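1. Need coordinates for the following:
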Amino acid sequence: MVTMNRNKVVIVGTGQVGATAAFGIVTHGLCNELVLIDHFAAKALGEAHDLDDGSEFQDRHVKVRAGDYADCKDADIVVITVGRKPPANSTRLAELGFTVGLVGEVVDNVMASGFDGVIVMVSNPVDVMAWYAWKRSGLPRTQVLGTGTALDTSRLKTIIGEETGLDPRNVGGFVMGEHGDSQFTAWSTVSLGGKPFARFLADNQDRFASVSTAEIEEKTRMRGNEIVAAKGGTNFGIASTVAGIVQTILWDERRIVPVSTLLDGEYGEHDVFLGVPTELRANGANEIVELELNAEEQAKLHHSAELVRSYCEGLL
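-> Residues are numbered from 1 along each chain as shown. Alright, predicted model coming up:
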């Protein structure tokens, strides 16, 4: 008998982030079947119908429907986006008390279905929630990851593009650590057109004298807060990030993405999830690409790890 991998993705939580991520997955035709689950079943059903109604105009038909946790049994990926809109000027860590109960319930229900795929955690504080989901699910470390600093890295590249007038896709490098206030730009990894960014600026002083790395880093860190203040939440950037991660895993692209994954000796850290460059493939977060960070960057990573670990204490 011929068996075919149907590429099934489940999204739990159909608020702004979950619904926009679903739209990204559908418009890119990333899977055969997309199932939406929400505490409010009518919301999931409405989003599913709305997404499916445009299928004639998509490049590929993705079957979208509302479902329940039994649908997770044969899913390749479960994306968890549950939570609430953060109040203005609050940190992502401030969402912990509210989110942990929701995430615990979702993970228990997903695992009760017999699920053995990859969990992609989006709920904030994402590093803490990814660690918690890993502990609670009992899945191997490769099969639980968070969106980490993937969006922050994309923001960094976008802002460098704005500052230099060049296509952000010319930029290499990573934002690392917590997806939050303790994140840092690993400037030793940042390049533009293959040239170290500091060299690029030094060689083009006449054009880019006003460009400041400290300013770029601060803009990157604050970008999410500014968007929340302006429109009440962020959804497009994180949804694009989720779609990119889903594509990379489902299609076994083996792309290196700074997702939140378990550090178990890498960078001298243990038992903590942080955003670090990681090779994504069909089994999830496969291998951490350990970069040669300078002393200042190492210190920032350790500070980030201590902060995230302190919030994980007492959750189990």
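2. got the domain boundaries for this structure?
-> 8-146, 149-312 (the TED database).
3. Let's have the ones you listed in CSV, adding mean pLDDT.
-> Formatted as CSV, those follow (pLDDT from 0 to 100):
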stretch, mean pLDDT
domain 8-146, 94
domain 149-312, 96
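4. would you turn the ones you listed into CSV with mean neighbour count?
-> Every C-beta, even on glycine, is put in place using the N, C-alpha and C of the backbone. Converted to CSV, the domains of the chain look like this (neighbours: other C-beta atoms under 10 Å):
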stretch, mean neighbour count
domain 8-146, 20
domain 149-312, 19
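5. which residues in the stretch 201-316 of the chain form helices?
-> 205-208, 213-231, 236-250, 295-312 (DSSP state H, counting those that start in this stretch).
6. From the chain's centroid, how far away is the first one?
-> Translated: helix 205-208. Relative to its chain's centre, helix 205-208 lies at 34 Å (C-alpha atoms, centre = their mean, to the nearest Å).
7. just the longest one next, same as before
-> Shown here is helix 213-231, whose average C-alpha point lies 17 Å from the average C-alpha point of the whole chain (C-alpha atoms, centre = their mean).
8. That helix to helix 236-250, inter-axis angle?
-> Interaxial angle of helix 213-231 relative to helix 236-250 (axes from the mean of the first three to the mean of the last three C-alpha atoms, to 10 degrees): 110 degrees.
9. contact partners of helix 213-231?
-> Helix 213-231 is touched from outside by 85-86, 88-89, 151-152, 155-156, 159-160, 163, 175, 181, 183-185, 187, 197-198, 201, 233-234, 237, with contacts defined as C-beta atoms under 8 Å, 6 or more residues apart in numbering.
10. So which of the residues you listed belong to helices?
-> Among these, the members falling in helices (DSSP state H) are 151-152, 155-156, 159-160, 163, 197-198, 201, 237.
11. All the strands of the protein, residue numbers only.
-> 8-12, 33-37, 63-66, 77-80, 118-121, 144-146, 171-172, 175-176, 184-185, 191-192, 195-196, 255-264, 270-281, 284-288 (DSSP state E).
12. send the alpha carbons of the last one over as PDB?
-> The C-alpha coordinates for strand 284-288 follow below in PDB (Å, rounded to 0.1, in the frame of the first residue of the first chain):
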ATOM      1  CA  GLY A 284      12.900  20.100  14.100                       C
ATOM      2  CA  ALA A 285      15.700  21.900  15.800                       C
ATOM      3  CA  ASN A 286      18.500  19.600  14.700                       C
ATOM      4  CA  GLU A 287      21.900  21.100  15.500                       C
ATOM      5  CA  ILE A 288      23.000  24.300  17.200                       C
END
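13. Just checking: what are the partner strands of it?
-> Strand 284-288 has these partner strands in its sheet, going by DSSP bridges: strand 270-281 (antiparallel).
14. Distance from the strand it pairs with to the middle of the chain?
-> Worked out by C-alpha atoms, centre = their mean, strand 270-281 lies 11 Å from the chain centre.
15. Number the chain from 477, please
-> Sure, I'll start numbering at 477, so the last one becomes strand 746-757.
16. the inter-axis angle of that strand versus helix 626-640?
-> Using the same axes, to 10 degrees: strand 746-757 against helix 626-640 is 70 degrees.
17. hang on, residue 490 packs against residue 498?
-> Yes. Between residue 490 and residue 498 there is a contact under C-beta atoms under 8 Å: 7.2 Å.
18. Give me the common contacts of the two.
-> 512, 523.
19. so which of the helices of the stretch 677-792 of the chain gets nearest residue 760?
-> helix 712-726 (6.2 Å; C-beta to C-beta).
20. roughly how far is stretch 646-660 from the heart of the chain?
-> With C-alpha atoms, centre = their mean, you get 12 Å for stretch 646-660.
21. hang on, I meant stretch 595-610
-> For stretch 595-610, the distance to the chain centre is 9 Å (C-alpha atoms, centre = their mean).
22. Could you pull up the residues touching the residue nearest the centre of the chain?
-> Residue closest to the average C-alpha location in the chain (C-alpha atoms, centre = their mean): residue 623, at 1.6 Å. By C-beta under 8 Å, 6+ apart, residue 623 lies in contact with 596-598, 602, 655, 714, 717-718, 721, 735-736.
23. Kindly report the same for residue 733.
-> Taking C-beta under 8 Å, 6+ apart as the test, what residue 733 contacts is 626, 720-721, 724, 753-754, 756.
24. Out of those, which two sit at the greatest distance?
-> Once C-beta to C-beta is applied, these give 720 and 753 as the farthest pair, at 14.3 Å.
25. returning to what we had before: select, out of the strands of the chain, the one closest to residue 782.
-> strand 746-757 (8.5 Å).
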